[in-house]
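Enquirer: What follows is a protein structure lacking sequence information:
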Ligand code: ADP
Ligand code: ASP
Ligand code: MG
């Protein structure tokens, strides 16, 4: 069985939804994972923020705008009055639920429920469209099997057991539709896999049922060698390894959710990135094979902060770094880059929620300096330790950009650099010009 995940733009309007039908109607059995229609999750986040802020009228207005938009979608999507009527009723039930939350007394749990509506709606709309066209399909609710544990990691044991049980209920359906992004947490409450999480859903499902291929359908012909949102003339990479793709996704290549490569890599399931607007294009294939090339791709991740700790107690001492790491562990804050000298250590984080608390505790170990609004640039290529002469092009390219930290040797696939976010676009362009001439 294969997995086909369609992102927000691939279900972004009635035409796009109709265009999925030929893609999913072959005779092979498949699980179709859908995102919310593009823009919906952002609108739901805005509604939730307004409810938190007790701005009732604005929340209702936004809710009403979204409800109206979906009524138009229903009108355009279905041909028959019967399906339009049930479509409208279905939409109203979902927006009614949002309307009923009490602004000001809005909880984290309710926020998750609001955010889940996009995927619940898109999957039902497609299911109804197939029903209207007499195409057999099953709707498999993700909330019956997709679960994260108390650390926010997928509960693979639970997922596999429950997904397989649910799948046994639809042995004859070639098209099995489910929601990306949404899940339950360890307490059984509605939760999600973080923004962009539908890719992760597809990969988790693929791994759970050992699928033949995980296809991620989006609005571009696959992985490009630089970020097409900022750099012109980026080129598609036809083949890339799990390790390389994971580095790029983690370091900001938006085409894939940062965690989505791991489940596929664990079970060695090929991942194919495809463009719904150009289905005939082969896209990018991600497998365990690595074809070494000097430079393969560049990505950038924003929202980085660096903490620089300087302490004479570090000199010739052991156990110092353990104490530093324990502080980050207490605040459940992962470290991305690290660089040490004799008496100082610099660490970067992408979650600054507890930065002040962390800095306060670090100050008991030494002097602490914080810098924010930084970006990590990750260059993926051949950085195997036995190689000579690979990095100079990177430093030549960036000789006008202040480099705040460099990480080399942590992985044979990548080299990372820390820069000011205001220099990010220039840095990405310079790297494309020098590395991918
Ligand atoms: P979806 O809604 O289908 O999940 P996303 O917007 O999450 O789509 O991801 C696709 C977008 O990722 C592309 O439109 C592109 O702008 C952006 N992107 C960023 N870096 C890359 C890259 N290296 N290769 C391809 N796309 C990238
Ligand atoms: N709808 C969710 C989001 O916008 C998940 C996804 O699209 O992957 O983040
Ligand atoms: Mg995405």
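Expert: Arrived safely. Quantities reported herein were computed from a predicted structural model and do not represent experimental measurements. Residues are numbered from 1 along each chain as shown. Ligands and ions are numbered 1, 2, ... in the order given.
Enquirer: Would you map the strands across the stretch 51-200 of the chain?
Expert: With DSSP state E, counting those that start in this stretch as the criterion, the stretch 51-200 of the chain has strands at 138-140, 175-179, 182-184, 190-192.
Enquirer: Given the longest one, what are its sheet partners and their directions?
Expert: The strands beside strand 175-179 in its sheet (DSSP bridges) come out as strand 30-34 (parallel), strand 138-140 (parallel).
Enquirer: To ligand 3, which of the strands of the stretch 51-200 of the chain lies closest?
Expert: strand 190-192 (13.1 Å; Cβ to the ion). Just so you know, the C-beta spots here come from the backbone N, C-alpha and C atoms, and that holds for glycine as well.
Enquirer: Spit out the contact partners of the residue in the chain positioned nearest to ligand 1.
Expert: Per Cβ to the nearest ligand atom, the residue of the chain with the smallest distance to ligand 1 is residue 7, at 1.8 Å. Each residue near residue 7 by Cβ atoms under 8 Å, 6 or more residues apart in numbering is listed here: 35, 38, 198-199, 216-219.
Enquirer: Distance-wise, check residue 91 relative to ligand 2.
Expert: Note on residue 91: its distance to ligand 2, by Cβ to the nearest ligand atom, to the nearest Å, is 17 Å.
Enquirer: what do you get for residue 241?
Expert: Look at residue 241 and ligand 2: by Cβ to the nearest ligand atom, they are 23 Å apart.
Enquirer: Tell me the bridge partners for that residue.
Expert: residue 287.
Enquirer: That one and residue 286 touch, don't they?
Expert: Yes. Under the criterion of Cβ atoms under 8 Å, residue 241 is in contact with residue 286, at a separation of 7.1 Å.
Enquirer: The two - which one has more neighbours?
Expert: Of the pair residue 241 and residue 286, residue 286 is the one with more neighbours under other Cβ atoms under 10 Å, namely 30 against 20.
Enquirer: is it true that that one touches residue 271?
Expert: Yes. In terms of Cβ under 8 Å, residue 286 counts as a neighbour of residue 271; the distance is 4.1 Å.
Enquirer: what sits in contact with each of those two?
Expert: Here residue 286 and residue 271 share the contacting residues 242, 245, 261, 264, scored by Cβ under 8 Å, 6+ apart.
Enquirer: burial count for the residue of the chain found nearest ligand 3?
Expert: When distances are taken as Cβ to the ion, the chain reaches nearest to ligand 3 at residue 196, 4.1 Å away. Look at residue 196: counted by other Cβ under 10 Å, it has 21 neighbours.
Enquirer: Give the closest residue to it in space, chain neighbours not counted.
Expert: Computed as Cβ to Cβ, 6 or more residues apart in numbering, the closest residue to residue 196 that is not its neighbour in sequence is residue 257, at 4.3 Å.
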